[in-house]
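Engineer: just coords:
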């Protein structure tokens with residue numbers, strides 16, 4: 001839009017890249033200039049995702065050094081974002097989810113008196129320890145945001161209960177489902193891509209034993225919980241009950257425990273973190289998913305993949321209500337029993353409790369209207385409460 005300031009999207013982690021990319025592109029399709037500022041919170045994983053999506057950031061703040069605690073990251077990102085707001089003078093700041101980068105972007109925008117649009121607003125566990133510090137971050141962003149893009153009706157209801165003006169809340173679906181549909185289209189449209197993935201990861205498509213796909217990385221799962229998860233996987237491997245593939249998060253503390261307990265076991269495959277297309281392909285091969293990831297909890301139901309959530313609670317209760325996921329007590333015996341029980345269940349019918357794959361278009365249309373361009377009808381998606 002000539003003559004107008006750009007929009008500024010603040011992003012730092014791989015999940016943020018996945019979920020903001022469709023929104024950035026939808027805004028660009030409407031003629032908006034979107035400045036993408038990367039904070040460096042995930043210095044390895046986020047660039048991997050950017051390359052996969054052919055998305056070029058405008059600014060690389062490189063604000064996060066290895067080993068930085070969350071408060072240090074917050075201070076460093078805000079220190080580098082301040083001059084960005086001064087230089088670009090954006091008319092709107094976009095943040096997504098609940099990371100340190102999300103909170104830093106929102107606070108920096110508020111100090112600069114720039115309106116904030118929060119993508120994936122309203123997710124809550126109502127427990128600041130689960131997940132920590134993400135529950136704190138998203139709760140702090142809500143009172144200062146001008147636009148709240150809730151992925152589900154339940155998330156919108158939570159925001160209204162917290163006193164957020166209903167006129168500022170829009171139920172759009174989750175833009176992560178937009179990204180998933182795009183990745184599925186890429187896999188389906190390029191048989192050679194799927195064939196190459198099968199060659200590079202033969203254990204993921206090996207007949208005879210079901211595939212168990214595992215991801216674990218959350219701070220609150222460190223210590224006793226991670227030891228229990230690893231012990232459960234070792235027991236399942238010992239009885240040859242599944243082929244287990246575990247893409248390792250770069251966090252050295254997570255890797256150390258998992259390697260100590262699982263490396264070298266027959267049927268266990270500890271692999272480096274993978275890109276989105278590889279993860280989606282693996283989810284298609286898998287019989288059961290064990291994860292503490294939020295994004296995978298959203299994607300798995302659409303793929304008909306039963307999910308065991310390795311957490312005490314979840315802000316994505318819609319998957320539980322749809323029968324696509326269940327919470328697992330984080331004890332080795334409980335995890336093993338849950339896996340065995342789930343492996344025997346019939347296939348899950350694909351369901352879409354988190355959106356229809358058109359969230360980014362809705363978000364872009366609402367922002368376009370809110371900024372004072374040609375108005376369009378308010379578009380919302382009917383989702384499971």
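Structural biologist: Now that the structure is in, tell me what you want to look at. In this text the structure is predicted, and so the values were computed from the model without any measurement.
Engineer: from residue 354, how far out is the closest residue to residue 294 other than its chain neighbours?
Structural biologist: Once flanking residues are discounted, residue 294 sits nearest to residue 316: 6.3 Å by C-beta to C-beta, 6 or more residues apart in numbering. The way it works is simple: take the backbone N, C-alpha and C, and place the C-beta from them, glycine included. With distances taken as C-beta to C-beta, to the nearest Å, residue 316 is found 8 Å from residue 354.
Engineer: need the overlap of contacts for the two.
Structural biologist: residue 298 (C-beta atoms under 8 Å, 6 or more residues apart in numbering).
Engineer: compare those two (neighbour count), which wins?
Structural biologist: Ranked by neighbour count (other C-beta atoms under 10 Å), residue 316 and residue 354 place residue 354 first, with 30 against 26.
Engineer: does the more buried one sit in a helix, a strand or a coil?
Structural biologist: Under the three-state scheme (DSSP: H, G, I helix; E, B strand; the rest coil), residue 354 adopts coil.
Engineer: and residue 247, what helix or strand is that in?
Structural biologist: strand 243-248 (DSSP states H and E).
Engineer: that strand pairs with which strands, and in what direction?
Structural biologist: Strands that pair with strand 243-248, judged by DSSP bridges, come out as strand 211-215 (parallel), strand 268-272 (parallel).
Engineer: and after it, which helix or strand comes next?
Structural biologist: Downstream of strand 243-248 (by DSSP H and E), the next one is helix 252-262.
Engineer: need the residues that contact that following helix.
Structural biologist: Contacts for helix 252-262 (C-beta under 8 Å, 6+ apart): 216-217, 222, 226-227, 230-231, 233-234, 237, 244, 246, 248-249, 268, 270.
Engineer: quick check: buried residues in it?
Structural biologist: Neighbour counts over helix 252-262 (16 or more other C-beta atoms under 10 Å) mark 254, 255, 257, 258, 261, 262 as buried.
Engineer: I'd like to check the angle between that helix and strand 243-248, please.
Structural biologist: Counting by axes from the mean of the first three to the mean of the last three C-alpha atoms, to 10 degrees, helix 252-262 points 160 degrees away from the direction of strand 243-248.
Engineer: tell me the domain ranges of the protein?
Structural biologist: Split into domains by automatic domain parsing, the chain comes to 7-174+355-370, 191-343.
Engineer: which of the ones you listed has the highest mean neighbour count?
Structural biologist: Greatest average neighbour count among the domains of the chain goes to domain 7-174+355-370 (a mean of 20), per mean count of other C-beta atoms under 10 Å.
Engineer: where does pLDDT dip in the stretch 101-250 of the chain?
Structural biologist: Low-confidence segments of the stretch 101-250 of the chain, defined by pLDDT under 70, are absent.
Engineer: quick one, strands of it?
Structural biologist: 116-119, 147-150, 169-171, 211-215, 243-248 (DSSP state E, counting those that start in this stretch).
Engineer: need the domains of the chain in a markdown table (columns: distance to residue 181).
Structural biologist: Formatted as a markdown table, the domains of the chain follow (distance: least, C-beta to C-beta, whole Å):
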| stretch | distance to residue 181 |
| --- | --- |
| domain 7-174+355-370 | 4 |
| domain 191-343 | 8 |
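Engineer: picking that back up, ok, residues contacting the strand holding residue 247?
Structural biologist: 201, 203-204, 206, 209-216, 233, 236-237, 254-255, 258, 262, 267-274, 279, 282.
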